[in-house]
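**Q** could you work out the structure for the sequence below:
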Amino acid sequence: MTHDQDIETLIVAAHTLTRLAALETANETPAAQWRTLTILREHGPLRVGELARLSRVTQPGMTRLVGQMVEQGLLTRATDAADSRATVVEATPLGLEALHTWLLHLTSALAPHFDDLTADEWDALRTTARVLTRNLDRAAATAEVAP
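**A** Coordinates of the predicted model:
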C-alpha cells in the first residue's frame, strides 16, 4: 500500500466513524453546530466571517446558525471592540458543556466497537491519533494564516 493509499484509508475510516457515531447516538443536532462549538473552544471568540471561513460555510449560513445557537443559549454575540460593524461570537458555558456532554456520549457509543483491540492495537491507535493531531494542527495553523 502506498502512503497516498494509507491517507485515503484514514480519511474513509474517519468518515465511516463519523457516520457510525451519528447513527449510534441518534443525535439530531447538525454537525455544523458541534463544529462551530469546537472551533470556538479552540480559538476563542471570533468574528462571524472568520468562523464561517474556518467552518467552511457561507457567511449567511453561519449567521443563520449563530442566530439559532444564540437562541439556544449556546453562543453569545457582541460587537467587535475593534470594529463596531463586525460581530464577535463566543461559546457560552452552556455551549461548552453541551459539547463536552456530546463528546462523552459519542465516545461511550463508539467504545463497544473497539472492545476487541489488543494492547498493541491500542498503542497503534494512540500513536496514530497523536501523529494526526500534531500534523493536522500544524496544517490548520498554516491554513488559518493564509489569505
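
**Q** so who does the nearest residue to Val66 once chain neighbours are set aside touch?
**A** If the residues on either side of it in the chain are set aside, Val66 comes closest to Val89, at 5.4 Å by C-beta to C-beta, 6 or more residues apart in numbering. Glycine gets a C-beta too; all of them are placed from N, C-alpha and C. Neighbour list for Val89: 40, 45-48, 51, 66, 75-77 [criterion: C-beta atoms under 8 Å, 6 or more residues apart in numbering].

**Q** number of nearby residues for Gln68?
**A** Burial of Gln68 is recorded as 13 neighbouring residues (other C-beta atoms under 10 Å).

**Q** quick one, phi psi at it?
**A** Main-chain dihedrals, Gln68, degrees, to the nearest 10: phi -60, psi -40.

**Q** all helices for this structure, in order.
**A** 3-25, 31-43, 48-55, 59-71, 93-110, 119-145 (DSSP state H).

**Q** show me what the fifth one is packed against.
**A** Spelled out, it's helix 93-110. helix 3-25, helix 31-43 (3 or more C-beta pairs under 8 Å, 6 or more residues apart in numbering; DSSP states H and E).

**Q** 10 Å instead, please
**A** helix 3-25, helix 31-43, helix 59-71, strand 75-80, strand 83-91 (3 or more C-beta pairs under 10 Å, 6 or more residues apart in numbering; DSSP states H and E).

**Q** show residues contacting the first one.
**A** Identification of contacts with helix 3-25 by C-beta atoms under 10 Å, 6 or more residues apart in numbering yields 1-2, 27-29, 31, 102, 105-110, 112-113, 128, 132.
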